[in-house]
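**Q** could you work out the structure for the sequence below:
(chains A and B)
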Amino acid sequence: MALSGALTLSDLNDFISPSQACIKPIEVAKTSDTAGAIKVDDTGAYYEVSVDGNETKLETATINLNDCLACSGCITSAESVLVTLQSQEELYNVLKQNKAAIEANDASTHRTVVVSISPQTRASFAAKYNQTPLQVAKKLTWFFKNLGVHFVFDTSFSRDLSLLESAREFVDRYKKAVAKGTIKMPSLDGSQSTASNTAATTGDGDMDLDAPQTKAPRKRIVRRGANSDEAAAPVEKESAIPMLASACPGWICYAEKTHGYILPYISDTKSPQQIMGSMVKNHLGSQLGLKPNQIYHVCVMPCYDKKLEASRSDFYSDLYSTRDVDCVITSTEVEKMFTEQGQTDMNVFGEMSLDNGYNSVVKDPVTGQDQALVGSSGNASGGFLEYIMRYAARELFGIAGVDVSRSLGVEVKTVRNSDFREVTLEVPGSDQPLLRFAAAYGFRNIQNLVRKVKTSKSPYHFVEVMACPSGCINGGGQLKQPASVPLKDWILHADQQYKNGVLERSPEENPALAQLYQEWLGGPDTLKARQQLRTQYHAVEQNLGNPLAVKW
Amino acid sequence: MPRLEQLAELQGHEDRVWCAAWHPTKPILATCSGDKTVRIWQATNAQDPTQWQCTGILEGAHKRTIRSVAWSPDGRQLATGSFDATTGIWEKDEDGNGDYECVATLEGHENETKSIAWSKSGALLATCSRDKSVWIWEVEEDNDFECLSVLQEHTQDVKMVAWHPTEELLASASYDDTIKIWRDDDDDWYCSDSLQGHDSTVWAIDFDPSGERIVSASADQTLKIWQRYKPGNPQGIVTPRRGEAVWKCVATVVGHHDRCIYSVSWSHAHGLVASAGADNTIRVFDIQDYDKEILTEEQIKATNEPGTLYQGVVLAATKNAHGTSDINSVAWYPSEEHGDWLASGGDDGFVRIWRIIRD
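**A** So this is what the prediction gives:
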């Protein structure tokens, strides 16, 4: 398994945490309790020589991807490990194996190859090669099909499902929280409710601390030695407000390792990548008469953390010994593939029309063009805040026509820095808040968010959390700007390309969605829907017995 | 003949004393220790500086050594940086029993916090850690602290952070042998300059009263003085980054300490520099102009270095100031009122108060 060359060219820092050497203690079974000597032979293999002279060959300590997820260190060093497991080399191997299978007429070793491309990757290529996103989509389709890939899809399609499911989850949680009394639902007629209109709970038992919170007569809240990771009362996921977005694996890994108490707040809807995984292996598979392990699913993503997400055990099927997403490659790795195939000028690529199935295309009503890209409105990090706000405004308060990107019906404010925004839905005609959402990108803002949630001081109902400053458009695996262009300008350029020529369509208007819910899942609230569209999180225990942790 | 005279020896800590910090306006000293506490010391009677008593103990909040302690500029709060990776904020419970209480805990560092510092305005707090990062927090009402920035440009353990005496400009010293200067540009903080020159870990830094010079103490047994050159400076030093000043080494004090220097303090009262470290000696230097090497304009242009502008003249050297123990911290009294007082803390668990006598 070759190391992906693309990774060595790019910066390994995915912004999520200070990088640190991997401190995972390897558990190796000791063969004896008595101390022996270590001998190294001339091939470099290590042997333990016990007191009676017997030599036992020692296993080389290895760390695989799942070990990395368990390590209480950082994410960035995990990337150097996952690279050996997921790269374009793997895709080449599968395609080669397919060719051999066809020649040998052996269906058992043949796999149908599906590539799902993210809209952020599309925007990145559009920005660098001066194409429109539609041209990029058609050219990437041409490129991959020429290699032997069978289907090329767009994760904007699965994102519609992720958005709709997240919005339904939010409204459900909100209603349960109101019923439980942990938040008060403000009324539209403008009458002041006696409790605060924000989601901040005061000592309701959601997050209890070591000392009681005293308010009067002193102005300050006094907490003696407030430094505990354990919540006194467990938080119920079904009604936990604020709900925090789940699509960013960098955020999820960080939360699991360092802030286990916050996991119940995170939405359990799968990300667009993983919903595509479920659809490709389960729905497409059944439509084509293929078992999940007869499909090889590759996703092209803007960052490396998506590789970690794909390899989570929650997304692995024991029954078929296969993952929902077999391999994630980044935008830069695809660019490397161009070079490896001897095709460096995207301008001379051919174009192929986009596949039916999991692509978001419509006939353009204005130009009559057969395949025009469509997608949900919303920024380049998926638009979760946007859509959930619009959906919740309608479902909870009957307010229609809310459009966050155009500041219609909501007040949008940049707080503190450009990576932290607040979006507030107000009673029409007044400034009384009904829903308070926020978007927090980047490590420093995540710190502040997590701290506020931990002390029950967060005023928000929903927060879109992304690990990378400026969001997914600036992911660690996106194409790099030319040396002369400042990063800020480049991000802006790629961001503009993200929506270039893409028609807006709300997820509910996607005709395929209703069909999928009905035919594939049997309804939105069925057990199958839950299995295919939702996931779970696992707090990682800190290994305090680490012999490498030095106490001064 | 100038010398340091010991005024008092303060006993009480049960483990090594890591840091001593004077209250900004009153003759009160806070010291922190491996015994996980901070002790507050005051002169028993204002006229007699030889009698001190411990008037308060801050305990119970940290699970490990408290490595650094600092008073807020208004003297109403104390910050403590601990090896348990947290920073505690303490206030005196005036309405109640007069004890200090921990009113907030700043979490986020991955491992041992090494140093904390309040900006001059009291609006910002900087913390640094073995996790190689420097964090900048904004003080908000209600004892809430908001993380403004997480700066990760050092490649090793960050030993100390220090704010400019008047501007919102931060300096940090690290095991990676550099000192970095940090500024903010509305949206985020960034590294404005990286000062290289020391051959080993930079343990401590301090600004001079004007803020135009920094003195640094290093494991390479030298002190260095760095001077700021703003864009368009009359000496002709080139400032390559638009709008950013550069800091150049203008003096190296070498040949005095023969072990690591752990702490350095530049007095705001009389401008003397005190340093101490693993050679168990406290030294007091007078920073004087060095006129033996005046570079010509061409020479400055050729090397883009201002040359040596200062020399450190030893005024006093007190050997075995803490017996055979390392000295971890020296701190001059911050104002002219008792500007001749110097506090020191060492591995012997004692705190000593000295007076510089310059006949």
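
**Q** flag every residue of the stretch 51-200 of chain B that's near chain A.
**A** Within the stretch 51-200 of chain B, the residues that sit near chain A (C-beta under 8 Å from any C-beta of the partner chain) are B:60-65, B:83-84, B:86, B:88, B:91, B:95, B:101-105, B:107-108, B:110, B:112, B:131-133, B:142-144, B:146-150, B:152, B:187-188. Just so you know, the C-beta spots here come from the backbone N, C-alpha and C atoms, and that holds for glycine as well.

**Q** of those residues, grab the buried ones for ChimeraX.
**A** Here is the ChimeraX command that selects the buried residues among those (16 or more other C-beta atoms under 10 Å in any protein chain shown):
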select /B:61,62,64,65,83,84,86,88,91,101,102,103,104,105,107,108,110,112,131,132,133,143,144,146,147,148,149,150,152,188
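
**Q** sec struct for whichever residue of the stretch 1-150 of chain B sits closest to chain A, please.
**A** Residue nearest to chain A within the stretch 1-150 of chain B: residue B:61 (3.8 Å; C-beta to the nearest C-beta). Following DSSP: H, G, I helix; E, B strand; the rest coil, we place residue B:61 in the coil state.

**Q** just the helices in the stretch 351-500 of chain A please.
**A** For the stretch 351-500 of chain A, the helices defined by DSSP state H, counting those that start in this stretch occupy A:384-397, A:443-454, A:487-499.

**Q** check for me that residue A:532 belongs to a strand.
**A** No. Using three-state DSSP, the secondary structure at residue A:532 is helix, not a strand.

**Q** okay, it: pLDDT?
**A** Residue A:532 carries a pLDDT value of 94.

**Q** hmm, it is touching residue A:280, no?
**A** No. Between residue A:532 and residue A:280 there is no contact under C-beta atoms under 8 Å: 11.4 Å.

**Q** higher neighbour count, the two?
**A** In terms of neighbours (other C-beta atoms under 10 Å in any protein chain shown), residue A:280 is the more surrounded of residue A:532 and residue A:280; the figures are 28 against 24.

**Q** secondary structure class for the more buried one?
**A** At residue A:280 the chain is in helix, as set by three-state DSSP.

**Q** next up, the contacts around it.
**A** Neighbouring residues of residue A:280 by C-beta atoms under 8 Å, 6 or more residues apart in numbering or on different chains: A:114, A:116, A:153, A:295, A:297, A:324, A:358.

**Q** would you mind measuring from the nearest residue to the third one once chain neighbours are set aside to chain B?
**A** The shortest distance from residue A:153 to any residue that is not its chain neighbour, by C-beta to C-beta, 6 or more residues apart in numbering or on different chains, is 4.0 Å, and that residue is residue A:358. When distances are taken as C-beta to the nearest C-beta, to the nearest Å, residue A:358 and chain B turn out to be 38 Å apart.

**Q** in CSV, list the helices of the stretch 351-500 of chain A along with mean neighbour count, distance to chain B and mean pLDDT.
**A** Converted to CSV, these look like this (neighbours: other C-beta atoms under 10 Å in any protein chain shown; distance: least, C-beta to the nearest C-beta, whole Å; pLDDT from 0 to 100):
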stretch, mean neighbour count, distance to chain B, mean pLDDT
helix A:384-397, 23, 20, 95
helix A:443-454, 24, 4, 92
helix A:487-499, 18, 10, 93
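
**Q** name the residues that touch the helix or strand containing residue A:274?
**A** Here residue A:274 sits within helix A:272-278, counting by DSSP states H and E. Residues outside helix A:272-278 that contact it (C-beta under 8 Å, 6+ apart) are A:116, A:118, A:153, A:155-159, A:161-162, A:165, A:247, A:270, A:297, A:299, A:301, A:306, A:309-310, A:315, A:323-325, A:328, A:358, A:382, A:532-533, A:535.

**Q** do the same with stretch A:438-449
**A** With C-beta under 8 Å, 6+ apart as the criterion, stretch A:438-449 contacts A:15-17, A:244, A:251, A:254, A:381, A:385, A:415-417, A:419-423, A:458, A:460, A:462-471, B:108, B:146-150.

**Q** restricted to strands, list those.
**A** Using DSSP state E, the members of those that fall in strands are A:244, A:420-423, A:462-466, B:146-150.

**Q** closest to residue A:178 out of the residues you listed?
**A** Residue A:178 has its nearest neighbour among those in residue A:462, at 14.6 Å by C-beta to C-beta.

**Q** whichever residue of the stretch 201-350 of chain B sits closest to chain A in helix, strand or coil?
**A** Chain A sits closest to residue B:242 of the stretch 201-350 of chain B, with a gap of 11.9 Å, by C-beta to the nearest C-beta. Using three-state DSSP, the structure places residue B:242 in coil.

**Q** okay, it: pLDDT?
**A** pLDDT, residue B:242: 85.

**Q** run a quick neighbour tally on it.
**A** Around residue B:242 there are 6 other residues, counting by other C-beta under 10 Å.

**Q** ok, and the closest non-adjacent residue to it?
**A** Nearest non-adjacent residue to residue B:242, counting by C-beta to C-beta, 6+ apart: residue B:231, 7.8 Å away.

**Q** and the one you found, what does it touch?
**A** Residues near residue B:231 by C-beta under 8 Å, 6+ apart: B:239, B:242-245.

**Q** ok, the longest strand anywhere in chain A: who's next to it in the sheet?
**A** As assigned by DSSP E, the longest strand anywhere in chain A is strand A:433-441. Next to strand A:433-441 in the sheet, as set by DSSP bridges, lie strand A:420-426 (antiparallel), strand A:462-466 (parallel).
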